[in-house]
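[1] I'd like to go over a predicted model; first the sequence, then the structure.
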Amino acid sequence: MILSICDDPDVLSIMRIIILVVNIIKIIVPIILIVTGMISFAKAVVDSEIEKPLKQLVTKIVASILIFLMPTLVSIVVNIVDTKDTYYSCIENATKEKIEEGYVNRAKLYVLNAKNSLSLSYYQYAVNKVTKLKQSSEKNNLINELNEIHTEILNAIKEREEKKKQGTLGQINLDGNYSKVDIIDMEEQKVRDMTNEEFIEFMASNARLVYQEYGGVLPSITIAQAILESGWGDSFESTSHNLFGLIGYPGEKPKVHVLRKFDNFYEATYYHYAYFQNYSNVYGTFLDLCARGDAIGASQYLYAYANGSKSYPTKIISLINQYNLTQYDY
């Protein structure tokens, strides 16, 4: 989910007020000018002094026309300058329905953050945003989802407490099986310290969990891309957890230089999946082949991920074959 400035409900609410004020001004002010001009002119007719009041009336009529047309003239100028139609997008979205939709989408982002972090603080933020929504099926669905997330968070707290007692919290698992809590709590330096085999097992658990929950990109491809993009978990930017080189995408997460900043590796992997879903117009064939379980065939359509690089798909396919990564697709 991508929220641009013209999807921001707060911006749209302000825009709606501005549009309302402008519409009132462009109607009321011309009426006042014309009425006062006509009154002055009528008095002048009675007093037989027509020339000066007539000029004033004409001036006020011209001013009224200009005031009435000013928003249109501004729109024409902006349209010439604003080649991306950002202005018109904001105007069109400044409706009650779009504003409410914006608040719903913002609430969904907070719910998603809670789900991908298993954090009580994110959960509380999400509850706060959802409870402020108008009553609707969307609100009820989000409340139900929050109830499930709350249960998952409570289970995660228990799991963390148990791992603390065992001294295994945030550690590399020797058996290679990582829970969602393990992935969320994994420190970046621990990932850098992993051997290639350990990194594959860590990413396999990560990719399979996301795939089981959301579908989309086959785990073998996710693992191969993490290997290639992060240099076996060694080259992602500090504190970003960005294993896939995602730039400025999506939602409200801040950037680290040009790369996206994520709170944990599970969240980064979710947004790797979300990237392809949000650009399904580009990756439609890729996603179709993933749905059929064809990792090699799907990888051939990854050139767009690397700005059209023809060698990128070849590198991904080579990693999948070399390390038999398709075994994690089942």
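    That came in fine, so what should we check first? Numbering: from 1, shown residues only.
[2] which regions of the chain sit below the pLDDT cut-off?
    1-7, 41, 44-51, 53, 71-91, 93, 236-239, 248-258 (pLDDT under 70).
[3] the strands in it, which residues?
    255-256, 259-260 (DSSP state E).
[4] how far does stretch 200-217 sit from the chain's center?
    Mean-position distance between stretch 200-217 and its chain equals 21 Å (CA atoms, centre = their mean, to the nearest Å).
[5] buried stuff in it?
    Residues 200-211, 216-217 are the ones in stretch 200-217 that count as buried (16 or more other CB atoms under 10 Å). All C-beta spots, glycine's among them, are computed from the backbone N, C-alpha and C.
[6] do the same with stretch 270-282
    For stretch 270-282, by 16+ other CB under 10 Å, it's 270, 271, 272, 273, 274, 275, 276, 279.
[7] Quick check, the first one in contact with residue 217.
    Same thing as residue 270. No - in this structure residue 270 lies outside contact range of residue 217 using CB atoms under 8 Å: 10.7 Å.
[8] Could you break the chain into its assigned domains?
    Recorded structural domains for the chain (assignment: automatic domain parsing) are 5-93, 96-166, 180-329.
[9] Can you measure across the shortest one, start residue to end residue?
    Across domain 96-166, the terminal residues are separated by 53 Å (CA to CA, to the nearest Å).
[10] likewise stretch 227-240?
    16 Å.
[11] what does it rub up against?
    188, 191-192, 194, 196, 199-200, 202-203, 226, 242-245, 256-257, 259-262, 312, 315-316, 319 (CB atoms under 8 Å, 6 or more residues apart in numbering).
[12] Would you pull up how far the helix ranked longest in the chain lies from the middle of the chain?
    The longest helix of the chain (DSSP state H) is helix 9-47. Offset of helix 9-47 from its chain centre (CA atoms, centre = their mean): 40 Å.
[13] Go through the buried residues of stretch 200-217 and name the one nearest residue 23.
    Ranked by distance to residue 23 (CB to CB), these are led by residue 216 at 44.7 Å.
[14] Touching, residue 127 and residue 147? I think so.
    No - judged on CB under 8 Å, residue 127 makes no contact with residue 147 at a distance of 10.1 Å.
[15] Neighbour count for these two, which is higher?
    Ranked by neighbour count (other CB atoms under 10 Å), residue 127 and residue 147 place residue 127 first, with 19 against 10.
[16] Contacts only, for the closest residue in space to the more buried one that isn't next to it in sequence.
    Residue nearest to residue 127 in three dimensions, not counting chain neighbours: residue 146, with 6.1 Å by CB to CB, 6 or more residues apart in numbering. If you count contacts by CB under 8 Å, 6+ apart, residue 146 has them with 111, 114, 123, 126, 127, 130.
[17] Indicate which one of the domains of the chain is closest to residue 174.
    domain 180-329 (9.0 Å).
[18] how distant is the closest one from the center of its chain?
    Distance of domain 180-329 from its chain centroid, counting by CA atoms, centre = their mean, is 18 Å.
[19] and the two most separated of the buried residues of stretch 200-217?
    201 and 216 (21.1 Å).
[20] count of neighbours near the residue lying closest to residue 119 once chain neighbours are set aside?
    Excluding the flanking residues, the one nearest residue 119 by CB to CB, 6+ apart is residue 153, at 7.4 Å. Neighbourhood size, residue 153 [other CB under 10 Å]: 19.
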